[in-house]
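Visitor: A predicted structure for the sequence below; I have some questions about it.
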Amino acid sequence: MDLKGLRINSKRLRNSLEEMATIGATPNGGVQRLALSDEDKKARDLFVKWLKELDMGITIDDMGNIFGNRPGRNDSLSPVMSGSHIDSQPKGGRFDGILGVMGTLEALRTLHENKVVTERPIIIADWTNEEGSRFAPAMLGSGVWSGTLDRDWVYDRTDNNDKRFEDELTRIGYKGSEPSGKWPVHAYYEYHIEQGPVLEKEGKIIGAPKGILCLHWYDVYLEGEANQVGPTPMEGRHDALCAAAEMILKMNELPQRMGGDLVATVGEIQNYPNSRNIIPDKVHFTVDIRSWDDSHVLKAWELLRRDFDEIAGRRGCPIRIEETWQVRHASFDERLVKGILGIAKETGYSSLYMVSGAGHDASYMNRICPTAMIFVPSIGGRSHVEVENTRWEDCEAGANVLLQAILQSANEK
Ligand code: GLV
Ligand code: MN
Ligand code: MN
């Protein structure tokens, strides 16, 4: 059989994506499938059902990661892995994460119906809680599996309603019996939408990122003094929300002040007691700083911390900071990245060597095995929003490149 000529079934891929998009569908065309929610469970059940139809060996570990194993000719050889995540952001899009899972499934369906036997086994993965928006930080499933994060620390993470990660994992029936932990992997691929504007701007279809920016997450807690807003003079107030507002603007100015490729964002804030006629006495907000240069982020954070301390002191609002998460930048395997660019050329798709600004499970996988990603364009560069969209032809193109990449690696002896 001409394996190089093998192509996925684009209609079937689209049907799978559209069926998945009905689970947690939001009124404006997106999805909300927060990690370990009822919607996550429903989508996992459907995924497992589809894996069973391919006669795959299914393993669910005690982090809720789902693995489907397609045996190879020689199962003593380390497997090729490919996957992404089923969970989404609140009011997220229909492609982030799920494209990589459904794209891999489509590649496996294509191998199955063509009775292709590869040298090495192939494992499809759905990683638990990639988004980190319900349970911070992100990439918890791959973090524990790769040996980077401690399982019991993750189990005790709570959401904004004080629900524990482990309790929610048990509740949806996905706390498997297998201890979560790595095995040798020959190559890891992750197929994903770009989530930014570069491919569209450059008019290219396939992106081959050289790696992923570093990610630093911090949680800031401020204390103020609550009081009646009417009788309390402006002078002498300890308004925690005003302190936060000043800090947020300082952070927004940081990239310009520092130069380089830095981006810095406050995306989440809780204000207490959140009443229009009470001076706020408690605020929590998050900080996300990213760059290709890890030391640049550390320097930026040092500056910002000093500003935060000055603001907190001046306004009489004690501050507590949690350094929640730091993931250093990931430089992908050059041979695999070149492989993606070569396959794009052979299959007739234009391509671009680029960088990933978004975080992915591939960041942790890159620490333990050769890793690469395949990107396709996001329309208007929009992602983590309900209007997130990617052309069906581009979904097909990326899945074809993924299929060929998997085949190439899985037939290496
Ligand atoms: C993952 O979704 C990220 O925050 O980049
Ligand atoms: Mn994603
Ligand atoms: Mn995401």
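Guide: Nice, I can see it. Ligands and ions are numbered 1, 2, ... in the order given.

Visitor: Show the contacting residues for the residue of the stretch 251-400 of the chain found nearest ligand 2.
Guide: Here the residue of the stretch 251-400 of the chain nearest ligand 2 is His360; by Cβ to the ion that distance is 5.9 Å. Yep, even glycine has a C-beta here, placed from its N, CA and C like the rest. Residues in contact with His360 (Cβ atoms under 8 Å, 6 or more residues apart in numbering) are 84, 130, 139, 190, 192, 212, 373.

Visitor: Once you drop chain neighbours, what's closest to the fourth one?
Guide: Which is Glu190. Nearest-residue entry for Glu190: Ala362, 4.2 Å, with adjacent residues in sequence omitted and distances by Cβ to Cβ, 6 or more residues apart in numbering.

Visitor: so how far is Ser378 from the closest residue to Arg382 other than its chain neighbours?
Guide: Closest residue to Arg382 apart from its sequence neighbours, by Cβ to Cβ, 6+ apart: Glu388 at 5.6 Å. Using Cβ to Cβ, to the nearest Å, Glu388 is found at 7 Å from Ser378.

Visitor: now Gly141
Guide: Gly141 is 24 Å from Ser378, by Cβ to Cβ.

Visitor: can you check Gly211 too?
Guide: From Gly211 to Ser378 the distance is 19 Å (Cβ to Cβ).

Visitor: neighbour count winner among these two?
Guide: Ser378 (25 against 21; other Cβ atoms under 10 Å).

Visitor: and the more buried one, what pLDDT?
Guide: Note on Ser378: pLDDT of 98.

Visitor: Now do the contacts for it.
Guide: Counting by Cβ under 8 Å, 6+ apart, Ser378 touches 95, 193-197, 199-200, 388-390.

Visitor: go again using 6 Å as the cut-off
Guide: 193-195 (Cβ atoms under 6 Å, 6 or more residues apart in numbering).

Visitor: Can you list which of these are found in strands?
Guide: Counted as lying in strands by DSSP state E, out of the contacts of Ser378, are Ile193.

Visitor: Tell me the one of the contacts of Ser378 nearest Arg120?
Guide: Distance to Arg120, by Cβ to Cβ, is smallest for Ile193 among the contacts of Ser378, at 27.4 Å.

Visitor: how much space is there between that closest one and ligand 1?
Guide: Look at Ile193 and ligand 1: by Cβ to the nearest ligand atom, to the nearest Å, they are 11 Å apart.

Visitor: so that residue bridges to which residues?
Guide: Listed beta-bridge partners, Ile193: Val376 (assigned using DSSP bridges).

Visitor: That one - how many residues pack around it?
Guide: Residue neighbour count, defined by other Cβ under 10 Å, stands at 29 for Ile193.

Visitor: So it is in contact with Gly93, correct?
Guide: No. Counting by Cβ atoms under 6 Å, Ile193 does not reach Gly93; the two are 7.9 Å apart.

Visitor: on that earlier part again, then the residue of the stretch 251-400 of the chain closest to ligand 2 would be within a helix, right?
Guide: No. Counting by DSSP: H, G, I helix; E, B strand; the rest coil, one finds His360 to be coil, located in no helix.

Visitor: Ramachandran coordinates for it?
Guide: phi -150, psi 160 (degrees, to the nearest 10).

Visitor: ditto for Ser356
Guide: Dihedral angles (degrees, to the nearest 10) for Ser356: phi -100, psi 120.

Visitor: Could you do Val117 as well?
Guide: Dihedral angles (degrees, to the nearest 10) for Val117: phi -110, psi 120.

Visitor: cool, and Ser180?
Guide: The phi/psi pair for Ser180 (degrees, to the nearest 10) is phi -70, psi 120.

Visitor: just checking, it touches Gly147?
Guide: No. Using Cβ under 6 Å, Ser180 is not in contact with Gly147, being 9.4 Å away.

Visitor: which one of these two has more residues nearby?
Guide: Set Ser180 next to Gly147 and count neighbours by other Cβ under 10 Å: Ser180 wins out with 23 against 13.

Visitor: so who does the more buried one touch?
Guide: Taking Cβ under 6 Å, 6+ apart, one finds 61-63, 144-145 in contact with Ser180.

Visitor: what do you get for Gly83?
Guide: Counting by Cβ under 6 Å, 6+ apart, Gly83 has contacts 101, 104, 124-126.

Visitor: Please indicate which of the residues you listed are buried?
Guide: 101, 104, 124-126 (16 or more other Cβ atoms under 10 Å).

Visitor: Quick check: the farthest pair among the residues you listed?
Guide: Pairwise over the buried ones among the contacts of Gly83, using Cβ to Cβ, the maximum falls at Thr104 and Asp126, 9.4 Å.

Visitor: Mind checking the pLDDT average for the strand or helix carrying Arg44?
Guide: Following DSSP states H and E, one finds Arg44 within helix 38-53. Taken as a whole, helix 38-53 has a mean pLDDT of 98.
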